[in-house]
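# Curious how this folds, go ahead:
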Amino acid sequence: MAGALKNREEHRVLLPNTGWGTYESLLAEREERRKPRFFYDRGVLEILSPSAEHDMTSRIIAALVELLAEEADDDIENAGSTTFKREDLARGFEPDECFYFGTNAARVREIVAGKGNIELDAGDPAPDLVVEVDVTSPSLDKLPIYAHLGVTEVWRHDGGRLVILGLADESGSREPRYAEMSESAFLPGVHGDALTRLVAEGLTLDRRAWRRRVRESARETG
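As a prediction, the model looks like this:
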């Protein structure tokens with residue numbers, strides 16, 4: 001498509017003036033493969049093929065969320081990079097990782113067992129927590145997409161630091177936004193600085209030793 005902008009470092013292609021039908025056709029043509037991933041915001045489509053560093057970092061964070069939730073005895077469901085979209089809002093995304101907690105985790109298991117997929121257009125819940133990894137400068141700002149589709153919390157890692165972002169309570173606002181939080185709303189006591197350190201260790205340590213360290217850290221702060 002003419003006018004495509006490409007970021008070679010992260011293999012991103014940005015396509016302006018893309019119709020909703022084209023977006024859905026590309027999703028259908030890709031079928032069940034995890035790559036590439038698609039993000040759509042009111043006519044702008046980003047196609048992303050993550051690097052190995054990107055994928056490794058997102059897997060480390062996903063394991064971290066699951067370990068911390070287990071230590072906190074929280075019910076959790078990992079929905080991975082499921083496609084979430086709403087035609088009425090002309091927005092859609094495929095996160096690096098995403099999670100449901102508590103009653104939403106139980107509800108999503110029932111939904112998937114019943115019909116096989118999560119459909120925001122049908123009133124199914126958006127993820128409680130989305131993980132976003134940006135090891136290079138992103139072409140498309142994903143936060144407005146997550147906010148408009150109702151994602152409560154985002155853990156964003158820029159290749160060096162992890163920040164926790166919570167959906168701001170701005171009643172009546174037409175443009176929902178995120179604000180940085182000192183700790184997670186879903187995993188109280190879990191702070192961004194500690195998460196940054198644990199992710200860095202996860203990228204270098206023996207995986208068994210790292211898991212032990214995560215559990216020890218959770219018990220010290222629990």
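# so how far is the first residue of stretch 124-131 from its last?
Stretch 124-131 stretches 19 Å from its first residue to its last (CA to CA, to the nearest Å).
# hmm, who's touching that stretch?
The contact list for stretch 124-131, computed with CB atoms under 8 Å, 6 or more residues apart in numbering, reads 58, 61-62, 65, 79, 84, 95-101, 104, 107-108, 111, 118, 120, 146, 149-155, 157, 184, 186. Just so you know, the C-beta spots here come from the backbone N, C-alpha and C atoms, and that holds for glycine as well.
# in it, what's buried?
For stretch 124-131, burial by neighbour count (16 or more other CB atoms under 10 Å) applies to 124-131.
# Please indicate which of the contacts of stretch 124-131 are buried?
By 16+ other CB under 10 Å, the contacts of stretch 124-131 give 58, 61-62, 65, 79, 84, 95-101, 104, 108, 111, 118, 120, 146, 149-155, 157, 184, 186 as buried.
# List the ones among those residues that fall in helices.
In this view, the buried ones among the contacts of stretch 124-131 that belong to helices under DSSP state H are 58, 61-62, 65, 104, 108, 111, 146.
# who touches R34 in this structure?
Residues near R34 by CB under 8 Å, 6+ apart: S81.
# Just the pLDDT at it, thanks.
For R34, the pLDDT comes out at 75.
# Torsion angles phi and psi at it?
As for R34, its main-chain torsions (degrees, to the nearest 10) stand at phi -80, psi -20.
# pretty sure E183 is in contact with D193, am I right?
No - in this structure E183 lies outside contact range of D193 using CB atoms under 8 Å: 10.0 Å.
# before we move on, back to that, list the ones among the buried ones among the contacts of stretch 124-131 that fall in strands.
Counting by DSSP state E, the buried ones among the contacts of stretch 124-131 place 84, 97-101, 153-155, 157 in strands.
# Next, format the residues you listed as JSON lines and append pLDDT and distance to R177.
Output for those, formatted as JSON lines (pLDDT from 0 to 100; distance: CB to CB, whole Å):
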{"residue": "F84", "pLDDT": "98", "distance to R177": "19"}
{"residue": "E97", "pLDDT": "97", "distance to R177": "22"}
{"residue": "C98", "pLDDT": "98", "distance to R177": "19"}
{"residue": "F99", "pLDDT": "98", "distance to R177": "21"}
{"residue": "Y100", "pLDDT": "98", "distance to R177": "22"}
{"residue": "F101", "pLDDT": "98", "distance to R177": "22"}
{"residue": "E153", "pLDDT": "98", "distance to R177": "13"}
{"residue": "V154", "pLDDT": "98", "distance to R177": "11"}
{"residue": "W155", "pLDDT": "98", "distance to R177": "16"}
{"residue": "H157", "pLDDT": "95", "distance to R177": "19"}
